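K.L.:
need coordinates for the following:
(chains A and B)
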Amino acid sequence: MMRNMLNRFAEVPLAAWLIGALCAVYLEQWVGDPLTELLLLPKIPVLFGCLIVLKTPKLIPSTVVFLILIYAVPICVIAYAVRKPANMIAAKLFSGPIWISAILHLGLLYLILHIWSDISAYRELTLKFTLIAIIVTLSLNLINGYMGEFSCSHPGFMALGAYGASVFSLVLFADDKNFGEALLPGILGPFMFPLGLIFGGFISAIGALVVAIPSFRTRGDYLAIISLAFTFIVKSLIENLEFIGGPRGLGSQPDFSNLLVVFIWTVLCVWIINNYVQSVYGKATNAVRDDEIAADAMTVDTRKTKMVTFMFAAFWAGVAGGLFAHVLRFVNPSTFGIQKLAEVLAMVYFGGLNSVYGSIVGAVSLSLLGEALRPLELFKWIIIPLLLILVMIYRPTGLIAFKEFNIRNLIQPKHIPEDEV
Amino acid sequence: MTYFLQNVVNALQWGSFYALIALGYSMVYSILMLFNFAHGDIFMVGSYIGFGVAAALVALSAAGVVVLPSWLIFTLTILVTMILTAMLGMAVERVGYRPLRDAPRASAAITGLMIGIILETGNLAILGARRVRFPDLIESVTYEIGGVYVTNKKIMIVVVSLLFMVAMQYFVSKTKWGMAMRAMAYDYLVVPLMGVSINSIARLTFAIGSALAAVAGILYGIAYPVLDPYMGVLFGWKAFVAAILGGRGSIMGATLAGFLLGFIEIFVAMVFPSTLRDLIAYSIILLILVFRPHGFFGEPYSAKLRL
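P.N.:
Numbering: from 1, shown residues only, chains lettered A, B, ... in the order given. As a prediction, the model looks like this:
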């Protein structure tokens, strides 16, 4: 019976699921408020009811009813109902160029996220931080997973990117007490913002060179301490530079990172890094991790491979830092300390080494878990580490390690052979 | 000149904390090839256990149940705390590291990091956010030697930590257990085949390392009596730098690197404004690593690591 049900859903393509989710979030916007009143909930369950349930456990039944009525039932029913037309459209698109199909799917996904996050500012902020966490985790996975080194410098790279991008947009597009009046009209700001992010990314890639030159002369654990020292140095450097605010931090960045910008950059990052790890360089990086001598014998320029991968990862960490600074619209050096390092490392190893899927899963699940368990206050910091320890013990390389990400498999139409139906 | 000497004394004290903690790091790193990121928090817990034991002994003494002289309270505090913290270290090894013996090394590092967070939060949950004050075990006496002010606490801290380091060196180089540990550091694959149990060596390593961290914790509590649950974090990471700077498999190296780190930090703060301390101190470390990429006493090892 159960198996039969699952079999029926096996032919629902991704497009149908997305349409179902879109209807669900629309439904929430239309009938969410009356339904919350009907069910005596204090407000719409923002993060799938986790916050409400943990604060007042007696609301569990009504929250579950809300979730079933708004999310579970509409998604399943609509996805199942539109499976045939969706399959047809997916098949038609699939036979054409892959990028058209991919962009349409991503557009649907963005629409869902946009409508979902429209309900409350808190949702939008959480979503943005989650997307940024995906970029950071992926880029650290390049070093710790694909290259097999242990790098502790990501907070430093993020700080460089955050400050680089912030200075860029504050100098050019904002009247600021540190940098004087805007040099360019503010209307150009959102269009030039990508340049600012890339600028921040390049600054952190140059910072990565400082780490890479001494540490890749030999293989070993020296990258771990050199990168750790680098994080301390960057933090201390920023604290001592008065023109960018010193320990007080730098605030009032223009509001350039709306959800669409963050989403587009995240998609770009996933796409580019996924292509990178499947390219010659990515495979060379894997070869260096598995056996440096053998890779060298196979004409891989090991030093160059390591340098390029390291700087590439640092670039993306810098971009993430720039987005972070513009989402929070305030940065200060103490954000980028040991705490951040532990957070990012946890996401990488939770999700899975050497895997784009894994990084996405790790970043999304840990950032949402971190928000959802907020009502538990202190015990959040016991539950999350315990969960990670369990994952490490039972799946030492993370939840979804060593799995390649393939867009074709995701968006292809799902047909079940005739004889099985 | 006296200012300089004064800072030498301070740096010796500061360096002995780093050196004691770095020793524990270095032992685990040399023998099991693991980063024990929980070590800084074991130091913190050791300090709190020391606080508990010392407070209990002082209270017993004050209540007249058993009247103990202050030196005996001090010795007992160190011994009892060392034993208790060693048990904690063994428990950490059992829970967080033994199940991961065959896993990639980095996974074990992550469990260590997470155990550290649990220890911090657990402490915060049990004792609350108020800071506790370490009882004064030793009455402070200040001596003046040629214009340099030295308290008896500072002398005691440096002497006690040097004593433990010498004892450690003796243990590792002269005893049979120490030989087993050195053998394990040399080759952890073959030595278990020779009848040395890797589990008991790992347990011993963690016990000794944690006991040393406990000593550092008590000494730190005597020098800077206000304890807080997050004090181990920065100490832990800096001692980690010192341990690897010393070179793999070298107790001398870790000790020296710990003292060096202490000296660099104190002297940078002496010459430059103290806000520049981390910046310059870690730039110096970076420079040292450029010229000695294997640390002070480490030897270059082959490209094949365990990951």
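
K.L.:
quick one, what contacts residue 77?
P.N.:
Picked chain A for this. Taking C-beta atoms under 8 Å, 6 or more residues apart in numbering or on different chains, we find A:Val77 in contact with A:Gly20. Glycine gets a C-beta too; all of them are placed from N, C-alpha and C.

K.L.:
hmm, I had chain B in mind actually
P.N.:
Counting by C-beta under 8 Å, 6+ apart, the residues that B:Thr77 touches are B:Gly50, B:Val53, B:Ala54, B:Leu57, B:Leu137, B:Ile218.

K.L.:
do A:Pro385 as well
P.N.:
A:Pro385 touches B:Met114, B:Ile115, B:Ile117, B:Ile118, B:Thr121, counting by C-beta under 8 Å, 6+ apart.

K.L.:
most neighbours among the contacts of B:Thr77, which one?
P.N.:
B:Gly50 (30 neighbours; other C-beta atoms under 10 Å in any protein chain shown).

K.L.:
gap between that residue and chain A?
P.N.:
24 Å (C-beta to the nearest C-beta, to the nearest Å).

K.L.:
surely that residue touches B:Ala213?
P.N.:
No. Assessed by C-beta atoms under 8 Å, B:Gly50 is found out of contact with B:Ala213, at 10.7 Å.

K.L.:
give me the subset of the contacts of B:Thr77 lying in helices.
P.N.:
B:Gly50, B:Val53, B:Ala54, B:Leu57, B:Ile218 (DSSP state H).

K.L.:
chain B contacts on the stretch 151-300 of chain A?
P.N.:
Contact residues (C-beta under 8 Å from any C-beta of the partner chain) of the stretch 151-300 of chain A with chain B: A:210, A:213-215, A:217-222, A:224-226, A:228-230, A:232-233, A:235-237, A:239-240, A:247, A:289, A:291-293.

K.L.:
residue of chain B closest to chain A, please.
P.N.:
As assessed by C-beta to the nearest C-beta, chain A sits closest to B:Ala103 within chain B, at 3.2 Å.

K.L.:
how about that residue, secondary structure?
P.N.:
Following DSSP: H, G, I helix; E, B strand; the rest coil, we place B:Ala103 in the coil state.

K.L.:
neighbours around it, how many?
P.N.:
Using other C-beta under 10 Å: B:Ala103 sits among 19 other residues.

K.L.:
and it, how close does it get to A:Gly352?
P.N.:
Taking C-beta to C-beta, to the nearest Å as the measure, B:Ala103 and A:Gly352 are separated by 13 Å.

K.L.:
ok, B:Ile222 next?
P.N.:
For B:Ile222, the distance to A:Gly352 - C-beta to C-beta - is 46 Å.

K.L.:
A:Met296 against A:Arg303, yeah?
P.N.:
For the record, residue A:296 is Asp, not Met. No. A:Asp296 is not in contact with A:Arg303 according to C-beta under 8 Å; the separation is 9.4 Å.

K.L.:
the helices in the stretch 1-150 of chain B, which residues?
P.N.:
B:2-32, B:39-63, B:70-92, B:105-127 (DSSP state H, counting those that start in this stretch).

K.L.:
can you redo those as JSON lines with mean pLDDT?
P.N.:
Compiled in JSON lines, the helices of the stretch 1-150 of chain B are given as follows (pLDDT from 0 to 100):
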{"stretch": "helix B:2-32", "mean pLDDT": "90"}
{"stretch": "helix B:39-63", "mean pLDDT": "92"}
{"stretch": "helix B:70-92", "mean pLDDT": "93"}
{"stretch": "helix B:105-127", "mean pLDDT": "90"}
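
K.L.:
just send those back as CSV, with distance to A:Phe405 too.
P.N.:
Output for the helices of the stretch 1-150 of chain B, formatted as CSV (distance: least, C-beta to C-beta, whole Å):
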stretch, distance to A:Phe405
helix B:2-32, 34
helix B:39-63, 36
helix B:70-92, 36
helix B:105-127, 22
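
K.L.:
among the ones you listed, which comes closest to A:Ile89?
P.N.:
Smallest distance to A:Ile89 across those (C-beta to C-beta): 43.2 Å, for helix B:105-127.

K.L.:
what helices and strands are in contact with that closest one?
P.N.:
Where contact means 3 or more C-beta pairs under 8 Å, 6 or more residues apart in numbering or on different chains; DSSP states H and E, helix B:105-127 is packed against helix A:338-351, helix A:380-394, helix B:39-63, helix B:231-246.

K.L.:
go again with 7 Å.
P.N.:
Judged by 3 or more C-beta pairs under 7 Å, 6 or more residues apart in numbering or on different chains; DSSP states H and E, helix B:105-127 is in contact with helix A:338-351, helix A:380-394, helix B:39-63.

K.L.:
list the buried residues for it?
P.N.:
B:105-124, B:127 (16 or more other C-beta atoms under 10 Å in any protein chain shown).

K.L.:
SS state for the residue nearest to the residue of chain B closest to chain A when sequence neighbours are not counted?
P.N.:
Excluding its sequence neighbours, the residue lying closest to B:Ala103 (C-beta to C-beta, 6 or more residues apart in numbering or on different chains) is A:Pro396, at 3.2 Å. Each residue gets one of three states, and A:Pro396 gets coil by three-state DSSP.

K.L.:
doesn't B:Ala106 make contact with A:Pro396?
P.N.:
No. Using C-beta atoms under 7 Å as the test, A:Pro396 is too far from B:Ala106 to be in contact (9.2 Å).

K.L.:
what pLDDT does B:Val233 get?
P.N.:
The model reports B:Val233 with a pLDDT of 89.

K.L.:
and if you look at A:Met1?
P.N.:
A:Met1 is given a pLDDT of 66.

K.L.:
okay, strands next: where are they in the stretch 151-300 of chain B?
P.N.:
B:226-227 (DSSP state E, counting those that start in this stretch).

K.L.:
what does it put close to chain A?
P.N.:
B:233, B:237, B:240-241, B:244-245, B:275-276, B:278-279, B:282-283, B:285-286, B:289-290, B:293-294, B:300 (C-beta under 7 Å from any C-beta of the partner chain).

K.L.:
need the contact list for residue 182.
P.N.:
Assuming you mean chain A. A:Leu172, A:Phe173, A:Ala174, A:Asp175 (C-beta atoms under 7 Å, 6 or more residues apart in numbering or on different chains).

K.L.:
you looked at the wrong chain, it should be chain B
P.N.:
Contacts of B:Arg182 (C-beta under 7 Å, 6+ apart): B:Val172.

K.L.:
any idea which element the closest residue to A:Leu59 other than its chain neighbours lies in?
P.N.:
Counting by C-beta to C-beta, 6+ apart, the nearest residue to A:Leu59 once its immediate chain neighbours are dropped is A:Ile52, at 5.5 Å. Assigned by DSSP states H and E, A:Ile52 belongs to helix A:50-55.

K.L.:
can you name every helix or strand that that helix contacts?
P.N.:
helix A:60-67.

K.L.:
give me the buried positions along the helix it packs on.
P.N.:
Using 16+ other C-beta under 10 Å as the burial criterion, the residues of helix A:60-67 that qualify are A:Ser62, A:Thr63, A:Phe66.

K.L.:
the nearest residue to B:Gly15 once chain neighbours are set aside and B:Leu12: what is the separation?
P.N.:
In this structure, B:Gly15 finds its nearest non-sequential neighbour in B:Gly262, 2.5 Å apart by C-beta to C-beta, 6+ apart. Computed as C-beta to C-beta, the B:Gly262 to B:Leu12 distance reads 7 Å.

K.L.:
with B:Phe164 instead?
P.N.:
From B:Phe164 to B:Leu12 the distance is 15 Å (C-beta to C-beta).

K.L.:
equivalent analysis for A:Pro45, please.
P.N.:
Taken as C-beta to C-beta, the span from A:Pro45 to B:Leu12 is 59 Å.

K.L.:
now swap in B:Leu212 and tell me
P.N.:
17 Å.

K.L.:
quick check: mean pLDDT of stretch A:252-261?
P.N.:
pLDDT averaged over stretch A:252-261 gives 88.

K.L.:
I misspoke; the intended subject was stretch A:413-421.
P.N.:
59.
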